[in-house]
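# I need the structure of the sequence given here:
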Amino acid sequence: MKKVYVTRKIPESGITLLQRAGYSVVVSEKDGVLTKDELIAKLQKDSYDAILCLLTDTVDGDVFDAAPNAKIFANYAVGYDNIDMKEARARGITVTNTPDVLTDTVAEHTIALMLSITSRIAEGDRFMRARKYDGWAPLMLLGTDLKGKTLGILGTGRIGARVGHIASRGLGMTLCYYDIKKNEAFEKEYGAEFKSTVDEVLRVADVVTVHVPLLESTRHLINKERLSMMKKTAYLINSSRGPVIDEKALVEALRNNVIKGAALDVFENEPALAPGLSELENVVVTPHIASATEETRGKMADIAAESIVDFLSGKKPEHTIG
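Numbers count the residues shown, from 1 in each chain. You can find the predicted model right below:
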C-alpha cells in the first residue's frame, strides 16, 4: 500500500479522497507548523510515496533526502516559494500547486481589507468595544470614499485582475496597473491604464494593492524609497506574500504619516509582526486568511489530493509546476 504524508491537518475531504484511492495517509499530529528539522524527522520514520505539504513548510534538498521514495510534493497553496524548485527539477521530483480555486476568495478578502482600512471599520470596532462612543459626531472617524479614486494594481494575474473587476464594476474606481507585460484584455475590459514601472503606479494611485509572486526581484518591492513616492493620502494593501513589503519601513511610514494607512493579510516574518505594527491605528491586519473560506480550503485539499492520485496512477497532474 502506498503511503502519503500530510504535513498538517487539512480539510477532511482531501484526506478521504486519498484514502478512497487506497493509500495509507499519515497526518502530522502537531497542532502547528512543523519546523524543517521536525519535518525531516517525521519523514525519516517511514517510507512515503508522496508528500502533501503546505506553504509554511520549508522543502529543500535536505527534506527531499529524508523522503527518497517520494517523487511528488503537492503544495497546498498557489505560491510555491517555500519549495526549492531548482533542486526538485534536478532530482526529477514533481511539484504541484492549487491555482484558480482561490482567485475569487482572495480577491474578495482584498476588497474587504481595502474597505476596512478606508472606512476605518476595524478602528471603529475597537472604539466601540472600548466604550468610547458617546454619540454621533460630524468629525468622528472620518474615512475615505473609493468611488472615483484610482486603484493601482501591482500584478494583474488571476487575483489582481479579479480585484480590478470588483473595484471597477462594484466600487466605481479608476484602474492603473503594472506587470512584467501588458494585459491588453484587462485594459480593454476595464479601461485600465498600463504603467511601465512600479514607481509610476505608486505616484498616482490612491490605493495600491499588491498581487505579485515572491521572487528575488519582488522581495522588498515596496521599500522606504517607494513608500515615500506614494501620496500622503494613499493606502497600501497586501494579500500576496509578506516579504514583498519591507515591514520595518512600512511601520515607519505609517507612524510618520508618509501614507495614510495599510491593510495586510501577510507578513514578512510570519507569524511575527514587525515591532510597532500592531500598535498603530492606521493599519488593519488579518492572520493570512485571504483564502480561508470553507469552500475554498476544501477545494484546495481536493486539488492537492487529486494531484497525488494522478501521479501515483501514472498520470501527469493537471497542476504540475514548470
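# which residues touch the spatially most central residue of the chain?
Centroid check for the chain by CA atoms, centre = their mean gives S240 as the closest residue, at 3.6 Å. The contact partners of S240, taken as CB atoms under 8 Å, 6 or more residues apart in numbering, are 155, 159, 210-214, 266. Where you see a C-beta, it was placed from the backbone N, CA and C, and this is true even at glycine.
# next up, phi/psi of it, please.
phi -100, psi -90 (degrees, to the nearest 10).
# need the pLDDT of it.
pLDDT for S240: 97.
# please list the residues outside stretch 206-223 that contact it.
Taking CB under 8 Å, 6+ apart as the rule, stretch 206-223 contacts 79, 81, 110, 114, 118, 144, 146, 149-157, 159-160, 163, 173, 198, 201-202, 230-231, 233-241, 243-246, 249-250.
# give the buried residues for it.
For stretch 206-223, the neighbour count (16 or more other CB atoms under 10 Å) marks 206-212, 214, 218, 221-222 as buried.
# pull the CA atoms of that stretch into PDB?
Provided in PDB are the C-alpha atoms of stretch 206-223 (Å, rounded to 0.1, in the frame of the first residue of the first chain):
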ATOM      1  CA  ASP A 206      -5.000  56.400  -4.100                       C
ATOM      2  CA  VAL A 207      -4.900  52.800  -3.100                       C
ATOM      3  CA  VAL A 208      -2.100  50.300  -4.100                       C
ATOM      4  CA  THR A 209      -2.900  46.600  -4.000                       C
ATOM      5  CA  VAL A 210       0.000  44.100  -4.300                       C
ATOM      6  CA  HIS A 211      -0.500  40.800  -6.200                       C
ATOM      7  CA  VAL A 212       3.000  39.600  -7.300                       C
ATOM      8  CA  PRO A 213       4.700  36.300  -6.500                       C
ATOM      9  CA  LEU A 214       7.600  36.200  -4.100                       C
ATOM     10  CA  LEU A 215      10.800  36.200  -6.200                       C
ATOM     11  CA  GLU A 216      14.200  37.700  -5.500                       C
ATOM     12  CA  SER A 217      13.100  40.500  -7.800                       C
ATOM     13  CA  THR A 218      10.000  41.200  -5.800                       C
ATOM     14  CA  ARG A 219      11.400  40.900  -2.300                       C
ATOM     15  CA  HIS A 220      11.100  44.400  -0.700                       C
ATOM     16  CA  LEU A 221       9.400  45.600  -3.900                       C
ATOM     17  CA  ILE A 222       7.800  48.100  -1.600                       C
ATOM     18  CA  ASN A 223      10.600  49.700   0.400                       C
END
